[in-house]
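Q: I'd like to go over a predicted model; first the sequence, then the structure.
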Amino acid sequence: MQFWLCITTEENWKVIKQKNVWGVPERHKNTIARVKPGDKLLIYLKQERDKDKIIEPRIAAAYEATSEVFKDSSRIFKTPPGMHNESFPLRIKLKPIKIFDKPVDFKSLIPKLKFIKNKQKWTGHLMGKAMREIPEEDYKLIMGSA
């Protein structure tokens with residue numbers, strides 16, 4: 001079993017929650033191809049700006065993968081600015097393990113997370129990725145913080 005951090009926006013988190021599906025662009029096919037049914041996925045919401053307010057990065061939920069990767073180009077996800085016409089066609093079906101009542105603040109976990117080697121430049125561990133594998137200890141730490 002593997003553990004994953006799935007990086008998304010607030011808008012697409014609503015889609016994930018409603019449809020129990022995770023999707024990534026074609027360019028991340030090698031990563032999502034490694035996800036197997038039974039793997040655990042944490043939904044990481046990127047830092048966003050709401051008018052003058054910064055909404056800090058946070059983890060909103062834990063899911064279990066229930067399917068192999070499949071292709072579906074239907075437009076259920078909202079395309080973030082700068083991603084042209086992206087439909088996130090490589091998808092896996094999910095089953096909720098736990099939707100957190102209060103999302104877990106990500107920045108406060110950085111000092112304890114094993115997958116983040118450079119604590120000062122932690123965003124480099126996530127930048128340009130749709131998802132990344134994390135160690136089981138990090139998954140348990142995050143679940144224990146929820």
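A: Ah, there it is. Numbering: from 1, shown residues only.
Q: Low-confidence regions, this protein specifically.
A: Residues of the chain that meet the criterion pLDDT under 70 are absent altogether.
Q: Show me the longest strand that occurs in it.
A: With DSSP state E setting the assignment, residue counts place strand 90-105 as the longest strand in the chain.
Q: list the buried ones in it?
A: Under the neighbour-count criterion of 16 or more other CB atoms under 10 Å, strand 90-105 has 90-94, 100, 103-104 buried. (C-beta placed from N, C-alpha, C; glycine too.)
Q: For the closest residue to residue 146 other than its chain neighbours, give its distance to residue 122.
A: Of all residues not flanking residue 146 in the chain, residue 100 sits nearest, at 4.5 Å (CB to CB, 6 or more residues apart in numbering). Noted for residue 100: a distance of 21 Å to residue 122, by CB to CB, to the nearest Å.
Q: and what of residue 142?
A: With the distance defined as CB to CB, residue 142 ends up 14 Å from residue 122.
Q: what would the buried residues of strand 90-105 look like in CSV with distance to residue 45?
A: Shown next, in CSV, are these (distance: CB to CB, whole Å):
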residue, distance to residue 45
90, 20
91, 19
92, 19
93, 21
94, 16
100, 11
103, 7
104, 10
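Q: Can you tell me which of those is nearest residue 78?
A: residue 91 (15.0 Å; CB to CB).
Q: can you tell me which residues contact that closest one?
A: When contacts are counted by CB atoms under 8 Å, 6 or more residues apart in numbering, residue 91 touches 21-24, 69-72.
Q: swap in residue 43?
A: If you count contacts by CB under 8 Å, 6+ apart, residue 43 has them with 6, 8, 13, 16, 59-63.
Q: what does residue 56 give?
A: The neighbourhood of residue 56, defined by CB under 8 Å, 6+ apart, consists of 47, 105-107.
Q: ok, and the most crowded of those residues?
A: Of all the contacts of residue 56, the most densely surrounded is residue 106 (23 neighbours; neighbours counted as other CB atoms under 10 Å).
Q: Quick check: the gap between the closest residue to it other than its chain neighbours and residue 42.
A: With CB to CB, 6+ apart as the measure, residue 57 is the residue that lies nearest to residue 106, at 4.2 Å, once sequence neighbours are left out. Per CB to CB, residue 57 is found 12 Å from residue 42.
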